[in-house]
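Visitor: okay, here's the prediction I keep looking at, along with the sequence it came from:
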Amino acid sequence: MSGLATNLRVVGALGMRSIRQTFRRPQLMAPIVVFPTILLAIQTGGAGGAINLPGFPPVQSFLQFMLAGAMMQSLMLAGNSGGIALAVDIEMGFTDRLFAAPISRYTIVLGRLAGTAALGLLAALWFLAIGLVFGAHIEGGVPGALLAIALVTATAMAVGGIGAAIALRTGSASVVQGLFPLVLVVLFLSSAFFPVELMIQPAQTIAEYNPLSFVVEGVREPIISGIDASDTINALLAIAGIVVLGLVLSARALRHRLRVG
Amino acid sequence: MGSAAITVERLERAFDEVLAVQGIDLEVGEGEIYGFLGPNGAGKTTTVRMLTTLLLPTGGRATVAGYDVVSEARRVRASIGVALQEAALDPLMTGRELIRLQATLQGLPGGEGRRRADDLLERVDLVAAADRRVGTYSGGMQRRLDLAAALVHEPQVLFLDEPTTGLDPVSRKTIWEEVRALNDEGTTVFLTTQYLEEADQLADNVGIIDSGKIVAEGTPASLKAEIGHPHIRLQLEEGSIAEAEEICARIGPLLPPVDGRTVLVEVEHGAGDIPRVVRALDEAGIGVGSLELVRPSLDDVFVAKTGYHLEHEGEESGEDEEEAVKA
């Protein structure tokens, strides 16, 4: 078997382990599905009238608007949970088993990211299904839904890279878990839960430049109005930026971990 | 025994200002069981981590299975099996999932990996528990699973870092039997341990490490022979102790007495000297209540070389709390 084929099999096997681990550990699964679903229910139930505010983008319903935000929250927490799981692996010595195997050590990180991407995919499907069940239209049709799913999956992997980098650098699950509030700050200072146009300063400026806002708009547009090339390109560029940042930080953290043992 | 499976030359590892391993040299022959003995913090695990490519040395060099641990790390990793001190197992995986994952990590094709997993689960007697989560396994079962995972690719060299620490005596014996069986099949075993009996029972050669330095090396028998002959311990039932000591002193040097009815006499030929002693005392009308031949132990060697005793405080409770105590 070629080196590439072996590495792909390892990434697949580690990704599958990562998914199983999440499903078997409720404290990892809850933030990815349960919390965002509850928040979505509370927000759409309690703040549905917001769509009538002047300046609010034209949408069929507040649920339709909120679907992208719920997916973002889910994938951000999936990335954080992936980081926590990797840190737990380091703490309990499981990564030693992986580091002592004759594989590229980057496959260890890629395997974890493959698992996080799969969770992002599941989150996208879950929230689109919820939206459809409760009457939200996907204005971009099947292509729009597929684009939203692809962007959410790619973003989950990108965000997972940053979670993995922090886990590799610190080797501490409690440190990665401690980033949970920061994840919420990044989410609330983006267009995930509220239109940027209706925010007040300085939150509005921060949200305008928050890379997550570009991803949110890339996912939201196919749902609320249809595929928009400019929003899609901006989202892809933002994802690419997060991917590069995550990979560079992960590679440096991995080298550091191997050096200090 | 053939050529060297492991060679270590002036190997060193520093952590900031602390030199954990201080330029050690050792050689392990192919097909040998090498026991690496020392208290907590002596440098055993640091050495194993360097030899298994998990930690870069800060000085010296080492080869495993003929490959350099730094420049040919991936070849080393393909040649070794590793079971580390804390069984590195995921409690959420099943035993079967873990061994299959290990087979994938070692590059075995899917079908072969599944076959090896089934064979190994049978070998370590875990077939019935194979589909249970590892978190439900006992300590002994976890160690056996860890050992099975380390064997999935039939490694040339097997590293076992304190494989029986914290296990009950029955589980410990099971692991020993498995290590012996593997060695009989030709696998070289590098075994770190804090248990003197374990090194004595299993190892062809023993290295004693203390404060990052190897202070003694050789076969258990040669190390014990270095520090003296066996002695006979006699408990008198009747007769004069002074007379018994006078008789015994003609056979070998007396050791300091432990009480008023016991004589300790060093003998050159071990069990072969027992009839002489018994006959001489009998002829003098001195009754012997009990007689015991006491051979030097690895503990005596350890004390002689380090000035420490190895104590096993956590042995009964299953905890890893052994520590070195000044004699």
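Guide: Structure's in. What do you need?

Visitor: from now on I want contacts and neighbour counts done on CA atoms only, so please keep to that.
Guide: Will do.

Visitor: quick check: phi and psi on residue A:96?
Guide: Here is the backbone geometry of residue A:96 (degrees, to the nearest 10): phi -60, psi -40.

Visitor: next up, the contacts around it.
Guide: Taking Cα atoms under 8 Å, 6 or more residues apart in numbering or on different chains as the criterion, residue A:96 is in contact with A:90, B:54, B:88.

Visitor: confirm the last one sits in a strand?
Guide: No. Checked against DSSP: H, G, I helix; E, B strand; the rest coil, residue B:88 lies outside a strand; its state is coil.

Visitor: ok, now which ones touch it?
Guide: Listed by Cα under 8 Å, 6+ apart, the contact set of residue B:88 reads A:92, A:93, A:94, A:95, A:96, A:97, B:146.

Visitor: what's the pLDDT at it?
Guide: Per-residue pLDDT puts residue B:88 at 81.

Visitor: mind checking pLDDT for residue A:202?
Guide: Residue A:202 carries a pLDDT value of 90.

Visitor: scratch that, residue B:325 is what I was asking about
Guide: With respect to pLDDT, residue B:325 has a value of 33.

Visitor: equivalent analysis for residue B:2, please.
Guide: Looking at residue B:2, its pLDDT stands at 53.

Visitor: buried residues in stretch A:184-198, which are they?
Guide: Judged by neighbour count (16 or more other Cα atoms under 10 Å in any protein chain shown), stretch A:184-198 contains these buried residues: A:186, A:187, A:188, A:189, A:190, A:191, A:192, A:193, A:194, A:195, A:196.

Visitor: span of that stretch from start to end?
Guide: Its start and end residues considered, stretch A:184-198 measures 19 Å (Cα to Cα, to the nearest Å).

Visitor: so what touches that stretch?
Guide: Contacts of stretch A:184-198 (Cα under 8 Å, 6+ apart): A:55-57, A:66, A:68-70, A:72-73, A:203-204, A:206-208, A:210, A:212-213, A:216-217.

Visitor: one more: stretch B:19-35?
Guide: By Cα under 8 Å, 6+ apart, stretch B:19-35 touches B:1-14, B:42-43, B:46-47, B:59-60, B:183, B:186-193, B:199, B:202-207, B:211-214.

Visitor: how does it look with 7 Å?
Guide: Contacts with stretch B:19-35, where a contact means Cα atoms under 7 Å, 6 or more residues apart in numbering or on different chains, come from B:1-14, B:43, B:47, B:60, B:183, B:186-193, B:199, B:202-207, B:212-214.

Visitor: and the residues you listed, which of them are in helices?
Guide: Among those, DSSP state H puts B:47, B:183, B:199, B:202 in helices.

Visitor: for those residues, which one is nearest chain A?
Guide: For the ones in helices among the contacts of stretch B:19-35, the residue nearest chain A by Cα to the nearest Cα is residue B:47; the value is 11.7 Å.

Visitor: relative to residue B:20, how far out is that closest one?
Guide: As judged by Cα to Cα, residue B:47 and residue B:20 stand 9 Å apart.

Visitor: just want to know which of these two has more residues nearby.
Guide: residue B:47 (24 against 21; other Cα atoms under 10 Å in any protein chain shown).

Visitor: so the residue nearest to that one when sequence neighbours are not counted: helix, strand or coil?
Guide: The shortest distance from residue B:47 to any non-neighbouring residue, by Cα to Cα, 6 or more residues apart in numbering or on different chains, is to residue B:21 (7.0 Å). Using three-state DSSP, the structure places residue B:21 in strand.

Visitor: tell me what residue B:21 is bridged to.
Guide: residue B:13 (DSSP bridges).

Visitor: go on, residue B:266?
Guide: Taking DSSP bridges, one obtains residue B:231 as the residues bridged to residue B:266.
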